[in-house]
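[1] Sequence first, then the predicted structure:
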Amino acid sequence: MKLAHNIIGELIFFLILGVALLIHQQFQPYMIIYLLLSIVSLNLQILLPHPWGDYFLICILGIFACWYPRLSYFFPMISRWVLLSASPNKLIFLMIPLIWQHNWTSLLISGAVILVIYFDFQNHRWQQLNQSRLQLLDDSFEKQAQLQAQNLALKANEQTKIQLQLAQERNHIARDIHDNVGHLLSSSIIQLGAIQTINQDQQLKPVLTQLNLTLNQAMTSIRVSVHDIQQHALTLSQALKPIIADFSFCPLQIQGSIFKDLSNTFNNVIIMTIKEALTNIMKHSQAHQVLLKFQILPAFYQVQILNDGPQNTEFNRGMGLISMQQRAEEIGGQLHIYQGKNKFLITLILPKKDFKYA
């Protein structure tokens, strides 16, 4: 808008300059036709096809100016208008009729103004090229900075993924130790207690007592080891960070505070449920927005994954949804699924009295 106002201002200035030259040369009423012809020419240039319309206009004006030299008083205004089409070479044709000028003052003024406009255009074009060059440099630096930031983010996400995998492997090892070795030791301690009860041999009593002490020490050591392994697990917030960062299918909004101080069992169920839900959204929906909602209620924790897109296929409890439901039920939780028009909601409910490995 500011550029348009500047151009209009320049055209008006050159128009006033041409009228002033006419008045200076003993103005006659018929000379008003020069002014009208110049204005009509500007409007014709808009209607005529580009670029041949520009050349046609300049040639016609040049021919008229050979017989009516005072028409050249308005050449500066016409020159400025012609330059809007970024064709400065056309101005050469406007210089030809000035040879027929009998008034050297008018010749010098008109010629000088046209040359000034031409060189001003060249300077303006050079400034535009220089500005474009600087803009390209700025863009390249900006893109380089963005690439560096993206590389750092990818490294951070990769590191977090590695930590998550390590944490999951630790939990798996801890669960195996608890379920297998721990149960065997517990069974051995119970069986040894039964043997001690029915034993009548006084020589075996010290041996059985020492064996019982050893088994209890082994059980205590396993409990400490399992506890230490689980202490190195990632928090729920840390584990969800790379999963959310990798989800680029559509905008994802988090509502509520991510749960803290939950057991690793609960964290794993929540992580796997969210991961499976986001994968299904990318595969089976046309969602434009995903809402991940965390809510702490008096008796349970609630996680909801809501998307606003219609499903590409009819709702069917596939292996992914069945696995999510089984994980929730294994720890005393529930998984509810609701499908409506442009709405698909998964609700995970976990009881507050969650169990922890002994």
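    Noted; the coordinates are in hand.
[2] list the contacts for residue 208?
    Neighbouring residues of residue 208 by Cβ atoms under 8 Å, 6 or more residues apart in numbering: 192, 195, 196, 199. In this view, the C-beta of every residue, glycine as well, is placed from N, C-alpha and C.
[3] Name the secondary structure element that contains it.
    According to DSSP states H and E, residue 208 maps onto helix 204-231.
[4] moving C-terminal of that helix, what's the next helix or strand?
    Next in line after helix 204-231, if elements are assigned by DSSP H and E, sits helix 236-245.
[5] quick one: buried residues of the following helix or strand past that next one?
    Downstream of helix 236-245, the first helix or strand assigned by DSSP H and E is strand 252-255. By neighbour count with 16 or more other Cβ atoms under 10 Å, strand 252-255 contains the buried residues residue 252.
[6] Run me through the strand neighbours of strand 252-255, direction for each.
    strand 290-296 (parallel) (DSSP bridges).
[7] Between helix 236-245 and the strand it pairs with, find me the angle.
    Angle of strand 290-296 versus helix 236-245, following axes from the mean of the first three to the mean of the last three Cα atoms, to 10 degrees, is 170 degrees.
[8] Now strand 290-296: buried residues?
    For strand 290-296, using 16+ other Cβ under 10 Å, the buried residues are 290, 292, 294.
[9] Closest to residue 171 out of those?
    Using Cβ to Cβ, residue 294 comes nearest to residue 171 of the buried residues of strand 290-296, at 21.1 Å.
[10] So which bits of stretch 252-268 are buried?
    Neighbour-count burial for stretch 252-268 [16+ other Cβ under 10 Å]: 252, 258, 259, 262, 263, 264, 265, 266, 267, 268.
[11] TSV for the residues you listed, including pLDDT?
    TSV is the format used below for the buried residues of stretch 252-268 (pLDDT from 0 to 100):
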residue	pLDDT
252	90
258	87
259	87
262	81
263	78
264	75
265	78
266	85
267	83
268	81
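[12] Now intersect those with the strands, please.
    Among those, the ones falling in strands (DSSP state E) are residue 252.
[13] pLDDT on the helix holding residue 208, on average?
    Helix 204-231 carries an average pLDDT of 77.
[14] can you check stretch 269-279 too?
    Averaged over stretch 269-279, pLDDT sits at 86.
[15] Now it - C-alpha only, PDB.
    The C-alpha coordinates for stretch 269-279 follow below in PDB (Å, rounded to 0.1, in the frame of the first residue of the first chain):
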ATOM      1  CA  VAL A 269       0.700 -49.900  31.000                       C
ATOM      2  CA  ILE A 270       0.100 -46.200  30.400                       C
ATOM      3  CA  ILE A 271       3.100 -45.900  28.100                       C
ATOM      4  CA  MET A 272       2.100 -48.900  26.000                       C
ATOM      5  CA  THR A 273      -1.600 -47.800  25.800                       C
ATOM      6  CA  ILE A 274      -0.700 -44.300  24.600                       C
ATOM      7  CA  LYS A 275       1.900 -45.600  22.100                       C
ATOM      8  CA  GLU A 276      -0.600 -48.200  20.700                       C
ATOM      9  CA  ALA A 277      -3.400 -45.500  20.500                       C
ATOM     10  CA  LEU A 278      -1.200 -43.000  18.700                       C
ATOM     11  CA  THR A 279      -0.100 -45.700  16.200                       C
END
